[in-house]
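K.L.:
Return a 3D structure for these sequence lines:
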Amino acid sequence: MTGTVHRWLAGDKVTTAAGTPVGAALLAEVEVTEVTVKDETSLQPGDIVYIPVISPSSEPQEVADALPRDLDVVAYLDDELTPEQLQVSEEYRVETGDAEAAGKPRWHLVSPQGFIVTNPSDPGEQIWPFLGSRATGELTDVLPGGRLDGLTDEQRKLIIG
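P.N.:
I've put the predicted structure just below:
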């Protein structure tokens, strides 16, 4: 899927019952511009999807406020996350994130290499932020079958047949 990350929202924060931070999430709010998939999908251009990613801080709102917006992105998405997949064990507490995204579907990335953004200051460079990698090329180069798609053969078969 190709789209634009318009905003980053604070996702859920998880703590132990005693209040010790366990982890937090960010939500990339992405407007879909093009869908490239092997099978049928409910996604259409213009749809808004929320992609949860691990926050590098236990204060996801601070991180969300600092991240760049209006980034061109290619995201290799798996299925929507089910309510069961989003639940945590009873021994943990969840502080829900941004209310605006509450109840809206979350989409799972195929892998950390499945989220690529165009460098806002150099459109000829693509960035894999969750891998800390960069490469010279156009956004189309990271699409399925492109010279920088970064997929394993197994992932490629699942996505593009």
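K.L.:
In this structure, which residue is most central in space?
P.N.:
Taking Cα atoms, centre = their mean, the centroid of the chain lies closest to Ile51, which sits 3.7 Å from it.
K.L.:
Check which helix or strand the nearest residue to that residue once chain neighbours are set aside maps to.
P.N.:
Nearest residue to Ile51, sequence neighbours excluded (Cβ to Cβ, 6 or more residues apart in numbering): Ala28, at 4.4 Å. The way it works is simple: take the backbone N, C-alpha and C, and place the C-beta from them, glycine included. If you go by DSSP states H and E, Ala28 is part of strand 21-34.
K.L.:
how distant is the helix or strand just after that strand from the center of its chain?
P.N.:
Using DSSP H and E, the helix or strand that follows strand 21-34 in sequence is strand 48-54. Centre-to-centre, strand 48-54 and its host chain are 4 Å apart (Cα atoms, centre = their mean, to the nearest Å).
K.L.:
Please name every helix or strand in contact with strand 48-54.
P.N.:
Judged by 3 or more Cβ pairs under 8 Å, 6 or more residues apart in numbering; DSSP states H and E, the packing partners of strand 48-54 are strand 2-16, strand 21-34, strand 107-109.
K.L.:
quick one: which of these is nearest Arg69?
P.N.:
Counting by Cβ to Cβ, Arg69 lies closest to strand 2-16 out of these; the figure is 5.7 Å.
K.L.:
Flag every buried residue along the closest one.
P.N.:
Across strand 2-16, burial judged by 16 or more other Cβ atoms under 10 Å covers 2-5, 7-15.
K.L.:
again, but for stretch 139-153
P.N.:
For stretch 139-153, burial by neighbour count (16+ other Cβ under 10 Å) applies to Leu139, Asp141, Val142, Leu143, Pro144, Gly146, Leu148, Asp149, Gly150, Leu151.
K.L.:
and if you look at stretch 91-103?
P.N.:
For stretch 91-103, using 16+ other Cβ under 10 Å, the buried residues are Gly97, Asp98, Ala101.
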